[in-house]
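**Student:** can't give you the sequence, but here's the structure:
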């Protein structure tokens, strides 16, 4: 079985030996590797990401069940890293693009998760999340940088799934802060989050948050951010269709977090 492409964190984890299958889905599975590292293996439809490893034939792995162990070589796999976005728009032009992206996303976003914040929807989950989201927005807007608000803790592990919506929202913020040149704020947010995440969410979600702290997430989010900042006026439908295929609603949750940063950066 051949690996086609692999993210940096996945490559490094797979090099440590065999791993244990810990979760199996229709088109992918997660391997738990030594040192509590995780790799998501699947076919091309999974998309590229820092923890993802794409195989040529998923059928060879589809019968595996949790608890089984195996190793896979990354020798001939192409390494994927997200391209560093080049910021070409500022001020009013950027604000118009942010509004256009939010408007296009609002017409497609799922009702579940925190992506509904983009469309200003009202759900029980969003009502639980909004105090923390508002506190983070105030933190981003502050002229004098203060400590990350304690209310942010409410987002960690909020929602169902291996990567809960609150975690995905925070991951989107971490990646967007770096994309907009605010590595200082991304580092500050992660320093605050890192000791609070264990025990409040899954180890798999923790691994994705750590990747986001380093500026890496699923390629669909990077594609949206690159289009938002790029010189050419973007067409959003194709990019949002790609985002819609990320997890159950993880793509939308991450975009909501990224847009919270983008609105403050415009």
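**Tutor:** Nice, I can see it. Treat the numbers as computed from the prediction; the structure is a model and nothing was measured. Residues are numbered from 1 along each chain as shown.
**Student:** and the helices in the stretch 101-250 of the chain?
**Tutor:** When assigned using DSSP state H, counting those that start in this stretch, the helices of the stretch 101-250 of the chain occupy the ranges 124-141, 165-179, 183-193, 203-213, 219-229, 236-244, 250-265.
**Student:** gap between the closest residue to residue 56 other than its chain neighbours and residue 51?
**Tutor:** When the adjacent residues along the chain are set aside, residue 56 lies closest to residue 2, with 4.7 Å between them (CB to CB, 6 or more residues apart in numbering). Backbone N, C-alpha and C define where each C-beta goes, glycine included. If you measure residue 2 against residue 51 using CB to CB, to the nearest Å, the figure is 19 Å.
**Student:** more neighbours, these two?
**Tutor:** More crowded of residue 2 and residue 51, by other CB atoms under 10 Å: residue 51, with 25 against 13.
**Student:** the chain - how does it break down into domains?
**Tutor:** In terms of domains, the chain is parsed into 3-80, 91-265 (source: automatic domain parsing).
**Student:** how close does the spatially most central residue of the chain sit to residue 56?
**Tutor:** Nearest to the geometric centre of the chain sits residue 217, at 4.4 Å (CA atoms, centre = their mean). As for residue 217, its distance to residue 56 is 24 Å (criterion: CB to CB).
**Student:** could you list the low-pLDDT ranges of the chain?
**Tutor:** Under the criterion pLDDT under 70, the flagged ranges of the chain are 1, 143.
**Student:** let me know the secondary structure of residue 30.
**Tutor:** For residue 30, the secondary-structure state derived from DSSP: H, G, I helix; E, B strand; the rest coil is strand.
**Student:** please identify the most buried of the domains of the chain.
**Tutor:** domain 91-265 (a mean of 19; mean count of other CB atoms under 10 Å).
**Student:** how far off centre is it?
**Tutor:** In terms of CA atoms, centre = their mean, to the nearest Å, the centre of domain 91-265 is found 8 Å from the chain centre.
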